[in-house]
Each structure stands twice: as structure tokens, then as C-alpha cells.
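[1] let me see the structure of the following:
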Amino acid sequence: MIAALAGGVGAARFLRGLLDVCDPVDVTAIVNTGDDVVLHGLHVSPDVDTVIYTLAGAVNAETGWGLVDETWAVMGALERYRGLTWFRLGDHDLATHLFRTQRLGEGARLSDVTGEVARAWGLGLRVLPMSDDPVETRVDVEGEGEIGFQDYFVRRRHAVTVKAVRYAGAAEAAPAPGVLEALSTASRLVICPSNPILSIAPILAVPGVEEAVAGRRDDVVAISPIVAGAALKGPADRLLAELGHEASVVGVARLYAHVASTLVVDEADADLAPAVEAEGMRCVVTATVMHERKDAAALARAVLDT
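    This is a model prediction of the structure:
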């Protein structure tokens, strides 16, 4: 069995490749929910939905999130009232959030609802939120103070300087049912090519998770989301620098060395392999940029072969 810590587009694409080389029933994806948000009274789980839509072959390939062939009638009508439309929810995507909110209102746990959504899309792997309890990634922005993650990421298009990040509610949260079991029994643990601060750190902040991953360090392989000093998508490189980390595979190694024994880096960073290993991690160099589905499958094979 393989357990993967996941969040964002890079993780979703890697997981798609992983399912191409593994039996889905042997894969558990533990997904960040620190970016969950309530909009229009609806519970939205962006990272969970991106993973599910991508694995179902229904994601908008141009953006990496949302649904293909989406329509926007509701957002268009909402603009008439000058309602909140900076966070765009497509008509078909809204059905997911309506269902999730309805089930949560009936007393279902987020982990139960996530499983129901994944099965409705015909997925065979297990998709788990990191916690059933609310955890909110909060971003301290230069000159503004603390704002919500989606306010930073979507409304401000992550174009503002960040002073600090915290995970509100994490200390009081508990891992979702099945999370610790998956981490303790998996033959291989994978930290997907996700933003270390915004996608992976919230998962590790849930009590018991970091300890469980660190306890399996020899079996943990992390994939760097930084290639040649830059993030392929999103603000990971800039955010690392703003928070005092090195925006390179070496900086990623320093963040993950206590929980993972191996770091997979792209061929563009082959010259930094000795520096990664100086941080106490084995460095595996391979192609990590997933232009096509076959690239993701090849990366998954490389990770499993380490």
C-alpha cells in the first residue's frame, strides 16, 4: 500500500501517474484541507476536489483545477447583484459543494463525504482529508495583516509579500479516520510535489501526523516542487524566499530532512545533488516535470523504485 501526502495541481498530476502504475485500491491520498473555505454558505474543499476531478479525468486541463467544459451561469447572474465572484465556482462544480454542505449539515464527517464524492466519480483509491476538524491556513501579508488563504491565493493572486503563515485550529484537530493507519501500514510514503508551506505543512501540523511520518522516515520519499530554483505552478519559490528559506531543492531538503530519507529532484538540479545529500537525504535525479500523463507515470515508477 502507498500513502501520499497531497495538495494542489502538482500532487493531483502525480497521483494520476501513480494510479497508472499501481492498483488504485493500494493507494491512499491524504489531502490538505487547510485551504477549505465557506463561500455562499457552501463548504468548498479545493485541494480535495482538484485531486478527485484530476483522477476522474474531468479536470480543466488548462487551469489544472475546476471541471472541463464548465459553464458559469450562476456566477454571471451573481454579478448582477454585485455578489462575491472573485472566487469563481462553475455551475457543475457547485453541485459538489452543494452535496458536501448538505451531507455535513446532516451530520456526516468530511472524511465520509469525501469518500462518497470520490466513489461517485468512479475512483478506486482512498481519498482522505487530513482532518475532519476545521484547520485554516492563515497568511500574514506585509502591510495588511493576517488574511485567509483563498484571499491571498485567489483574490490577491498571491502577488503580495508574506511575513508568516499559520495553521489556525491545527493544534486542536485530530487526523481523519484512517490517516494514521495508512501512514503506519503503507510500504511507501510519498510527499507529493506540492507547496511545502501551503499544502504539506498544514497536513503535518495536525497532531500525530508529523510524528507518524517521521517515524517511517526510511520509507518516505519526497518530490521537490522546485525545479531550477522556480515553482512550476503557484508561489512556492517566492513564498520560500519570503519566509527565509532557500528557493531551491536544497531549501526543500532542509524542510523535509526530518520526515523523509529521499528527495527526488529534476535533472535540471542534478548539480545540486551533493548539497541535498549534505542535508542528510538521499538524492534521486530524474525527470519530474509532468508535461503529459506518461511523464507522471514515469515519475511514479521512479519514486516507487527508490
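[2] does Pro196 touch Ser224 like I think?
    No. If you go by C-beta atoms under 8 Å, Pro196 and Ser224 don't touch, sitting 9.1 Å apart. C-beta coordinates here come from the backbone N, C-alpha and C atoms, glycine included.
[3] intersection of neighbour lists for these two?
    Overlap between the neighbourhoods of Pro196 and Ser224 consists of Val252, taking contacts as C-beta atoms under 8 Å, 6 or more residues apart in numbering.
[4] residue boundaries of the helices in the chain?
    Secondary structure of the chain (DSSP state H): helices at 8-21, 46-55, 73-80, 91-105, 110-120, 149-150, 179-185, 201-205, 209-214, 236-242, 249-256, 273-278, 293-305.
[5] list the contacts of the residue nearest to Lys233 when sequence neighbours are not counted.
    The shortest distance from Lys233 to any non-neighbouring residue, by C-beta to C-beta, 6 or more residues apart in numbering, is to Val9 (5.5 Å). With contact taken as C-beta under 8 Å, 6+ apart, Val9 is in contact with 50, 54, 64-65, 233-234.
[6] neighbour-wise, give me the winner out of those residues.
    Neighbours here are counted as other C-beta atoms under 10 Å. On that basis the top member of these is Thr50, with 24 neighbours.
[7] where's that one relative to Arg16, distance?
    Distance of Thr50 to Arg16, computed by C-beta to C-beta, to the nearest Å: 11 Å.
[8] same thing with Thr71?
    The gap separating Thr71 from Arg16 is 25 Å, by C-beta to C-beta.
[9] looking at those two now, which is surrounded by more residues?
    Taking Thr71 and Arg16 together and counting by other C-beta under 10 Å, Arg16 has the greater number of neighbours (20 against 12).
[10] and that one, what's its pLDDT?
    On the pLDDT scale, Arg16 is placed at 97.
[11] that one is in contact with Tyr53, isn't it?
    No. Contact status for Arg16 versus Tyr53: not in contact, 10.6 Å apart, counting by C-beta under 8 Å.
[12] returning to that earlier point: distance to Ala173 for the helices of the chain - can I get that in a markdown table?
    Shown next, in a markdown table, are those (distance: least, C-beta to C-beta, whole Å):
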| stretch | distance to Ala173 |
| --- | --- |
| helix 8-21 | 20 |
| helix 46-55 | 16 |
| helix 73-80 | 32 |
| helix 91-105 | 16 |
| helix 110-120 | 11 |
| helix 149-150 | 16 |
| helix 179-185 | 11 |
| helix 201-205 | 8 |
| helix 209-214 | 10 |
| helix 236-242 | 23 |
| helix 249-256 | 21 |
| helix 273-278 | 32 |
| helix 293-305 | 28 |
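[13] what's the closest non-adjacent residue to Gly64?
    Val9 (3.6 Å).
[14] how many other residues sit next to the residue nearest to Val38 when sequence neighbours are not counted?
    Nearest non-adjacent residue to Val38, counting by C-beta to C-beta, 6+ apart: Val44, 7.2 Å away. The criterion is other C-beta under 10 Å. On that basis, Val44 has 21 neighbouring residues.
[15] mind listing what Val44 touches?
    Applying C-beta under 8 Å, 6+ apart to Val44 gives the contacts 36-38, 87, 89, 97, 100.
[16] just for this structure, where's the confidence low?
    Along the chain, no part satisfies pLDDT under 70.
[17] and stretch 243-252, how far out from the chain's middle?
    Its chain's average C-alpha position is 18 Å from that of stretch 243-252, according to C-alpha atoms, centre = their mean, to the nearest Å.
[18] now it: buried residues?
    Going by neighbour count (16 or more other C-beta atoms under 10 Å), the buried part of stretch 243-252 is 245-252.
[19] and for stretch 118-131?
    Within stretch 118-131, the residues scored as buried using 16+ other C-beta under 10 Å are 118, 123, 125-131.
[20] what's the most distant pair in those?
    When the buried residues of stretch 118-131 are compared pair by pair using C-beta to C-beta, the farthest-apart members prove to be Leu123 and Ser131, with a separation of 20.6 Å.
[21] quick one on the thing from earlier: tell me which of the helices of the chain lies nearest to Val220.
    Between Val220 and the helices of the chain, the shortest gap by C-beta to C-beta is with helix 209-214, which sits at 6.1 Å.
[22] packing partners of that closest one?
    Secondary structure elements in contact with helix 209-214, counted by 3 or more C-beta pairs under 8 Å, 6 or more residues apart in numbering; DSSP states H and E, are helix 179-185, helix 201-205.
[23] alright, that wraps it up for me.
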